[in-house]
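Need coordinates for the following:
(one chain, ligands or ions: 2)
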Amino acid sequence: MTLPSEIAVSTEPTGYIPVVAVVGRPNVGKSTLVNRIIGRRQAVVEDTPGVTRDRVPYDANWSGRQFTVVDTGGWEPDARDRAAAIAAQAESAVATADVVLFVVDATVGATDVDEAAVKMLRRSAKPVLLVANKADNNNIELESATLWSLGLGQPHPVSALHGRGSGDLLDAVLDALPSPPPITEPTERGPRRVALVGRPNVGKSSLLNRLAREERAVVDAVAGTTVDPVDSLVQIGGETWQLVDTAGLRKRVGKASGTEYYASLRTAAAIEAAEVAVVLFDASEPISEQDQRIIGMVVESGRAVVIAFNKWDLVDDDRRYLLSKEVDRELRRIPWALRVNISAQTGRAVDKLAPALRTALDSWETRVPTGQLNQWLTALVQETPHPVRGGRAPRILFATQAGTRPPRFVLFTTAPLDAGYQRFVERKLREEFGFEGSPVEVSVKPRK
Ligand code: GDP
Ligand code: GDP
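Ligands and ions are numbered 1, 2, ... in the order given. Below you'll find the predicted structure:
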C-alpha cells in the first residue's frame, strides 16, 4: 500500500487564475498600462535602459475577478533584428497567456514592427485585444480607428497615463477570459467543519464524548443556526467547531453496525463534508493498512490534516520507539501532517487539538502573493537550475498560485520538467512557505 505522493501532481491545472500578457514595441506604454491595471503608479516603469523586466507577473483584480497580468518588456530596443526580437517575444508571451493585450502607440500608428508581431499573434489561437494607447484626447481616439488595418479587430483606445478608456478595456479583458471557476467558498462562514476519522476502535467515540462535554452550552449559544442533525457542535480551545457526521459515533449501541465497505463510504462522505480531518491512530498498536488507507483518502481529498495518536496513556518507552520507526516508514510521504499525541480516556493533550486544527486550516487557506512567489522562485532557479537533458534545459518562466483550500500552484515552463526537479521545487516551496498540515498541489503548464 503506497500513499499518494507528498504533493499531488497534475499536469492540467484546475481552476487556475488566468494570465493576461501585455506585449508590444518598446515605449508604446506597456509598463504604464500594467501599472494602470494593477492600480499602482510608477511601480513598474524603469527609466534605466536594458533593465530586464521580461515576464514579470502581478496580481490584478477587476470587478472582483482575479487574474495575473504579465509585463513583457524585456527586449533591447536597439536589438539588431527588432522585428525578429518582437516576434519571438510575442510568441513566448502568447504561449503562456489566456488573453494577450497587444499595445500600439496610437499617436504613431501601425509600424512595420507592429505588423511583424501581428503576424505571429494571428497564428495563435489565443484571444488578442488591440490596445491603442496614448489616446489622451478625442482626436487621437478617432484616429486610432485606422488601426483596424492591423486585422486584430476593434482597437481599444486607452490612455494608460491618464486612465481614459482603461475601464472599458478591462471589461473587454474579462469578457475574453475563460469563464471563472464556480465559487466553492461559502461567503458567510459558520463553525469550521472537522471530520473525526480512523479505523474502528481507535477511539473516535471516546474523543467525541470527551469533546462533547461542553456541547450543550454551544448548541444554546448558536440557537437558530442550522446544523445537520448528524453533526455535533463542540467547543475546542474556546472556539466552536462542527464535527461532521458524528451521528454514528454518538449512538454506538453495538459495534457490529455496517461492514468495512460501508464504514469506508461513510468515512469518505465525512471527509468530503469537512475542511480538516483529524485522523485517529491507536498509538498502542502498529500502524495498519487500514490506517494508511484512511490517511490516503484524506490526503487525496485535498483536505487539511491533523494526525492524532490516541491512547497515548498505553504507550511506554518501547512502544514509543517502535512507533517512531513506523511513522518514519509509513508516513514519510506526508511529513507536513501535524501530529498530536492524545488520550481520549484521560484527556491528555486533548487541548493540543485546537491549535493544530487552526494551523492546518491557516495553511490550507494560505495565499502567497505572486510577487513574493516569483522572487523566491527566481532565486531558487538561479541557484539550482534544471539539469540539462540532451543539450537543453526546460526553464520555469514564472509561477502563480491558482487557488487555495488547499494551496494550488502552477509553474509556467518552456517544456515539461523532470519529475525529480519538480519534486525539488515542491519541497523548496514547503521549506519557504510552510503549509504545515495542508496538502499542496503543484502543476506544470508547459507552453505549447
Ligand atoms: P513600454 O516600454 O512599452 O513599457 O512603455 P512605458 O510604459 O515605459 O512608456 C513609455 C513612455 O510613454 C513613458 O514616457 C510613458 O510615460 C509614456 N506613456 C505611456 N502611456 C501613455 C499615455 O497613455 N499617454 C501618453 N501621452 N504617454 C504615455
Ligand atoms: P471508535 O470505534 O473509534 O469510536 O473507538 P471507541 O471510542 O469506541 O474506543 C474503542 C476502545 O478504546 C474503547 O474500549 C475505549 O474505551 C478505548 N479507548 C478510547 N480512547 C482511549 C484512550 O485514550 N486510552 C485507552 N487506554 N483506551 C481508549
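
Next, the buried residues of stretch 203-214.
203-212 (16 or more other CB atoms under 10 Å). Quick note: C-beta positions are derived from backbone N, CA and C, even for glycine.

next one: stretch 119-138
So for stretch 119-138, counting by 16+ other CB under 10 Å, buried means 120-121, 124, 126-136.

any idea which of the residues you listed is closest to ligand 1?
Using CB to the nearest ligand atom, residue 134 comes nearest to ligand 1 of the buried residues of stretch 119-138, at 3.8 Å.

Quick check: phi and psi on the closest one?
phi 70, psi 20 (degrees, to the nearest 10).

again, but for residue 121
Per degrees, to the nearest 10, the backbone of residue 121 is at phi -60, psi -40.

same deal with residue 204?
Reported as degrees, to the nearest 10, the phi and psi values for residue 204 are phi -60, psi -50.

what sits against it?
196-198, 249, 280 (CB atoms under 8 Å, 6 or more residues apart in numbering).

what's across from residue 61 in the sheet?
residue 66 (DSSP bridges).

neighbouring contacts of stretch 102-112?
22-25, 27-30, 33, 83, 90, 114, 117-118, 121, 128-135, 140-141, 143-144, 146-147, 149-150, 152, 155, 157.

Which of those residues fall within strands?
If you go by DSSP state E, the contacts of stretch 102-112 have 22-24, 128-133, 155, 157 in strands.

correct me, but residue 344 touches residue 206?
Yes: in terms of CB atoms under 8 Å, residue 344 counts as a neighbour of residue 206; the distance is 3.8 Å.

If we go by neighbour counts, what in the helix or strand harbouring residue 173 is buried?
In this structure, residue 173 is located in helix 166-176 according to DSSP states H and E. For helix 166-176, a neighbour-count test (16+ other CB under 10 Å) marks 166, 169-170, 172-174, 176 as buried.

swap in stretch 338-354?
Result for stretch 338-354 [16+ other CB under 10 Å]: buried residues 338-345, 348, 350, 352-354.

tell me the average confidence for that stretch?
Mean per-residue pLDDT for stretch 338-354: 94.

Also stretch 376-389?
Per-residue scores along stretch 376-389 average to 92.

again, but for stretch 290-303
In the prediction, stretch 290-303 has an average pLDDT of 94.

now that stretch, how far from the chain's geometric center?
20 Å (CA atoms, centre = their mean, to the nearest Å).

try stretch 239-248
Counting by CA atoms, centre = their mean, stretch 239-248 is centred 27 Å from the centre of its parent chain.

then that stretch to CSV, C-alphas only?
The C-alpha trace of stretch 239-248 is given here as CSV (Å, rounded to 0.1, in the frame of the first residue of the first chain):
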residue,chain,number,x,y,z
GLU,A,239,-13.8,28.0,19.6
THR,A,240,-16.9,26.3,18.2
TRP,A,241,-16.2,23.6,15.7
GLN,A,242,-18.7,21.5,13.7
LEU,A,243,-17.8,17.8,13.8
VAL,A,244,-19.4,16.4,10.7
ASP,A,245,-21.3,13.1,10.5
THR,A,246,-20.9,12.1,14.1
ALA,A,247,-24.4,10.5,14.4
GLY,A,248,-23.0,7.0,14.0
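
about what we covered before: kindly reformat the buried residues of stretch 119-138 as TSV and extend each row with pLDDT and distance to ligand 2.
Shown next, in TSV, are these (pLDDT from 0 to 100; distance: CB to the nearest ligand atom, whole Å):
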residue	pLDDT	distance to ligand 2
120	78	63
121	83	61
124	77	57
126	85	54
127	91	54
128	93	59
129	96	58
130	97	64
131	97	62
132	97	67
133	97	65
134	97	70
135	97	69
136	96	71
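
Identify the farthest-apart pair in those.
Maximum pairwise distance among the buried residues of stretch 119-138 (CB to CB): 30.3 Å, between 124 and 136.

Quick check: neighbours shared by residue 344 and residue 206?
By CB under 8 Å, 6+ apart, the residues touching both residue 344 and residue 206 are residue 310.

Separate out the buried members of the contacts of stretch 102-112.
22-25, 28-30, 33, 83, 90, 114, 117-118, 121, 128-135, 140-141, 143-144, 147, 150, 152, 155, 157.

buried ones in stretch 301-313?
Buried, per 16+ other CB under 10 Å, within stretch 301-313: 301-312.

near ligand 2, which of the residues you listed show up?
Residues of the buried residues of stretch 301-313 in contact with ligand 2 (CB under 6 Å from any ligand atom): 310-311.

want to throw the buried residues of stretch 301-313 into CSV with secondary structure?
Formatted as CSV, the buried residues of stretch 301-313 follow (DSSP: H, G, I helix; E, B strand; the rest coil):
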residue, secondary structure
301, helix
302, coil
303, coil
304, strand
305, strand
306, strand
307, strand
308, strand
309, strand
310, strand
311, coil
312, helix
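
Ligand 2: which of the buried residues of stretch 301-313 is nearest?
When the buried residues of stretch 301-313 are compared against ligand 2 (criterion: CB to the nearest ligand atom), the nearest one is residue 311, at 3.8 Å.

Contact partners for the nearest residue in space to the closest one that is not next to it in sequence?
For residue 311, ignoring the flanking residues on the chain, the nearest one in space by CB to CB, 6 or more residues apart in numbering is residue 284 at 4.8 Å. Shown in contact with residue 284 (CB under 8 Å, 6+ apart): 311, 314-315, 319.

Among the residues you listed, name the ones in helices.
Among these, the members falling in helices (DSSP state H) are residue 319.

Please tell me which one of the contacts of residue 284 counts the most neighbours.
For those, neighbours were counted by other CB atoms under 10 Å; the highest total belongs to residue 311, with 23 neighbours.

my read: residue 65 touches residue 178, true?
No: assessed by CB under 8 Å, residue 65 is found out of contact with residue 178, at 11.0 Å.

pLDDT wise, what is the residue in the chain that ligand 1 sits nearest to at?
Closest approach between the chain and ligand 1, counting by CB to the nearest ligand atom: residue 29, at 3.0 Å. If you check residue 29, the pLDDT there is 92.

right, and it touches residue 134 too?
Yes: counting by CB under 8 Å, residue 29 touches residue 134, with 6.0 Å between them.

what is in contact with these two at once?
105, 160-161.

tell me which of these is nearest to ligand 2?
residue 160 (62.4 Å).
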